[in-house]
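Colleague: fold the following, please.
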Amino acid sequence: MTKVNELMKENSGKQFEITRVINAPRELVFKVLTQAEHLVHWWGPKGFPMDVAKIDLRPGGMFHYCMKSPDGFEMWGRFVYEDIIAPERIVFVSSFSDAEGNITRAPMSEIWPLEVHNTMTLTEHEGKTTLTLRGGPINATAEERQLFEDSFANMQQGFGGTFDQLDTYLTTL
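Modeller: All right, here's what the predicted structure looks like:
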């Protein structure tokens, strides 16, 4: 059984999914999803500046970043990449982290899942890219999975705002 299949087996429960059609070619969208000099301009909630501590785009590599709230609170996060097929798919496990990149509990909830397995796909049609992000908790308790599922509307809003920033940033390139 492959690692992805093992994770999906452990990932019982509903999956979160969001899709956005972006008015840019897939190669460009992939580039701004995977390069630090672009990510700092759009990734994360509006009004939360982001710094990239590390980005190592390869299976086993990590994207480690810090976002700062308007009042100065730092939130660290990380993606550990599992599979990358440029420019069509990125598979990764996301987590909150500390400044050293170690997994930590989410600052907003002690029962948020520690790890979320994600697949981001990019398809192109007539110069536009359809970005789909799908994910769900792995190795999570029933309580953690339930909180994750109960948060779908908030996640739609949060990722929607992030993807709005992506749309705006792409118009500047």
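
Colleague: which residues touch the residue lying closest to T34 once chain neighbours are set aside?
Modeller: Once flanking residues are discounted, T34 sits nearest to L57: 5.2 Å by Cβ to Cβ, 6 or more residues apart in numbering. Any C-beta I mention is one placed from the backbone N, CA and C, and that applies to glycine too. Counting by Cβ atoms under 8 Å, 6 or more residues apart in numbering, L57 touches T34, F63, Y81, I84.

Colleague: which parts of the lengthiest helix in the chain are buried?
Modeller: Scanning the chain for the helix with the most residues, using DSSP state H, yields helix 152-170. Neighbour counts using 16 or more other Cβ atoms under 10 Å place M155, F159, T162, F163, L166, Y169, L170 of helix 152-170 among the buried residues.

Colleague: if we can go back for a sec, mind checking the SS state of the residue nearest to T34?
Modeller: Secondary structure state of L57, per DSSP: H, G, I helix; E, B strand; the rest coil, is coil.

Colleague: again with G47
Modeller: Following three-state DSSP, we place G47 in the coil state.

Colleague: from memory it sits against K68, does it?
Modeller: No - between G47 and K68 there is no contact under Cβ atoms under 8 Å: 9.5 Å.

Colleague: between the two, who's got more neighbours?
Modeller: Neighbour count, other Cβ atoms under 10 Å: between G47 and K68, K68 has more, with 15 against 10.

Colleague: and F79, how many neighbours?
Modeller: Neighbours of F79 under the rule other Cβ under 10 Å: 22.

Colleague: just the strands in the chain please.
Modeller: In the chain, the strands defined using DSSP state E lie at 16-22, 50-55, 62-68, 74-85, 89-97, 103-104, 115-125, 128-138.

Colleague: now the ones you listed as a markdown table including distance to R145 and mean pLDDT?
Modeller: What follows is the strands of the chain, written out as a markdown table (distance: least, Cβ to Cβ, whole Å; pLDDT from 0 to 100):
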| stretch | distance to R145 | mean pLDDT |
| --- | --- | --- |
| strand 16-22 | 11 | 98 |
| strand 50-55 | 28 | 96 |
| strand 62-68 | 24 | 97 |
| strand 74-85 | 20 | 98 |
| strand 89-97 | 16 | 98 |
| strand 103-104 | 17 | 98 |
| strand 115-125 | 11 | 98 |
| strand 128-138 | 6 | 98 |
